[in-house]
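Student: Dropping the sequence and predicted coords here.
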Amino acid sequence: MRKFLPRLPRSLVAFAMAFGICLALGVLIAYVAPVSAAPAAQSMPQSVLSVAAVQATALVTSTGEYRGPELCSSCHKDIHDNWATTRHAAAFSSPIFQASWTKDPNKNACLQCHTTGYDPTSGTYKVEGVTCEACHGPYQDGHPATKMPIKPDASLCATCHKTTTDEWHASKHSQAGVQCEACHDPHTQKPKAESVNALCINCHKDVGQNFTHGTHATAGLQCSNCHMYTNPDVTTNPIGGLQATGHTFAVGSDACIGCHKDTVHTRDKIVALTGEVTQLTDLDVNALRQKAQSQDQEISTLKADGETRLYIGLAQGAIVGLAVGAVAAWIVSRRLRVIEEVVEDNPRGEGKK
């Protein structure tokens with residue numbers, strides 16, 4: 001039995017291998033050869049494009065007795081209903097306060113601001129939460145003929161919101177006599193406008209002429225995003241329930257860093273690019289358009305040239321492959337014929353040692 005394949009299949013394999021190698025080399029050479037282009041015109045320029053230490057006074061002392069918010073609601077139902085949904089109403093029942101208060105060894109001190117009618121000598125209180133009488137004072141017999149004692153200014157808010165009012169004292173609002181109630185509705189605890197920007201623009205009507213205010217407003221930011229910025233790491237972990245609230249209204253570098261962390265130290269680059277943008281005003285727009293069209297045409301020509309080179313490489317590889325494959329097939333067939341003749345002359349292997 002012969003131990004070699006027929007001559008024709010081996011010859012075909014040798015031809016196919018040689019042809020494939022030559023074809024691949026032709027394509028490779030066509031792509032590797034450098035593509036030259038006409039010198040391009042000079043490239044077009046590119047553009048990219050807070051705390052004072054003033055202690056406020058407490059409520060006016062009254063000799064009345066605390067009666068609770070339900071009594072007030074009998075006449076002031078709308079105000080009572082609005083108050084019932086606020087943080088003042090939930091100042092004592094809030095889960096956050098309860099979790100902190102039960103762990104505080106001096107927890108009774110917290111009740112001064114989280115309850116109504118707190119007595120520090122006995123550690124007792126009259127009503128849970130910041131109710132009407134916490135600000136207006138205990139109910140006065142003869143009311144409404146007898147007025148409830150209240151002084152509606154920052155000194156009232158400072159009895160609990162000391163951090164905020166200290167910041168306010170350091171602000172231009174304080175210097176101008178703009179009190180807390182000018183911006184905040186004390187009963188709903190909401191701004192006295194549909195949005196922060198609408199509230200601020202009641203007084204600050206010309207801020208739209210300023211570049212900084214204009215670009216930030218276009219981006220959808222509110223005045224408070226910059227003028228009342230607070231560090232998230234601090235506000236999420238307040239110390240003793242006290243935290244900065246941004247009521248100095250001053251914009252510091254921390255407000256800029258809060259959004260522009262990656263660019264806050266690259267102003268020199270921005271200024272340089274701004275100069276380039278200014279220079280663009282002196283350029284001929286039509287000339288730039290013609291240059292762009294010329295470069296587009298050059299790119300199309302290079303793409304067509306690349307396709308032509310690919311076809312030429314395929315053709316060259318095919319021609320060389322045919323020649324080399326034919327030679328390889330002939331050599332393999334001749335070698336098989338010699339081996340076959342030797343085997344036939346000595347079919348049993350006689351003469352081998």
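Tutor: Structure's in. What do you need?

Student: which residues of the stretch 101-250 of the chain score low on pLDDT?
Tutor: Low-confidence segments of the stretch 101-250 of the chain (pLDDT under 70): 105, 208-209, 211, 233-241.

Student: what packs against the helix or strand encompassing residue 303?
Tutor: For residue 303, the host element (DSSP states H and E) is helix 285-345. Secondary-structure packing of helix 285-345 (3 or more Cβ pairs under 8 Å, 6 or more residues apart in numbering; DSSP states H and E): helix 7-32. The way it works is simple: take the backbone N, C-alpha and C, and place the C-beta from them, glycine included.

Student: After the helix it packs on, heading C-terminal, what element do we hit next?
Tutor: Next element after helix 7-32 (DSSP H and E): helix 69-73.

Student: Okay, buried residues for that next one please.
Tutor: Residues of helix 69-73 classed as buried by neighbour count (16 or more other Cβ atoms under 10 Å): 69, 72-73.

Student: what stretches of the stretch 251-353 of the chain score poorly on pLDDT?
Tutor: 264-283, 332, 335-353.

Student: what about residue 91, distance to residue 230?
Tutor: 21 Å (Cβ to Cβ, to the nearest Å).

Student: Contacts for the one helix or strand residue 217 maps to next, please.
Tutor: Residue 217 belongs to helix 211-218 when elements are defined using DSSP H and E. Residues from elsewhere that reach helix 211-218 (Cβ atoms under 8 Å, 6 or more residues apart in numbering): 197, 207-208, 225-226.

Student: just stretch 73-92 next, same as before
Tutor: Stretch 73-92 has contacts (Cβ under 8 Å, 6+ apart) with 69, 72, 94, 97-98, 111, 113-115, 128-132, 134, 144, 187-189.

Student: what helix or strand does the spatially closest residue to residue 160 that is not a sequence neighbour sit in?
Tutor: In space, and not counting its chain neighbours, residue 160 is closest to residue 113: 3.9 Å by Cβ to Cβ, 6 or more residues apart in numbering. If you go by DSSP H and E, residue 113 is part of helix 107-114.

Student: So which bits of that helix are buried?
Tutor: Buried residues in helix 107-114 (16+ other Cβ under 10 Å): 108, 110-111, 113-114.

Student: Among these, which pair sits farthest apart?
Tutor: 108 and 113 (11.6 Å; Cβ to Cβ).

Student: Would you mind measuring the gap between the ends of stretch 190-204?
Tutor: 19 Å (Cα to Cα, to the nearest Å).

Student: which residues are in contact with that stretch?
Tutor: Against stretch 190-204 from outside (Cβ under 8 Å, 6+ apart): 178, 182-185, 207, 217, 222-224.

Student: ok so, going back, output the buried residues of helix 107-114 as CSV; include the columns distance to residue 138.
Tutor: Formatted as CSV, those follow (distance: Cβ to Cβ, whole Å):
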residue, distance to residue 138
108, 20
110, 21
111, 16
113, 17
114, 18
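
Student: Which one of those residues is nearest to residue 150?
Tutor: The nearest one, if we look at the buried residues of helix 107-114 relative to residue 150 and count by Cβ to Cβ, is residue 113, at 17.1 Å.

Student: Kind regards, and thank you for your time.
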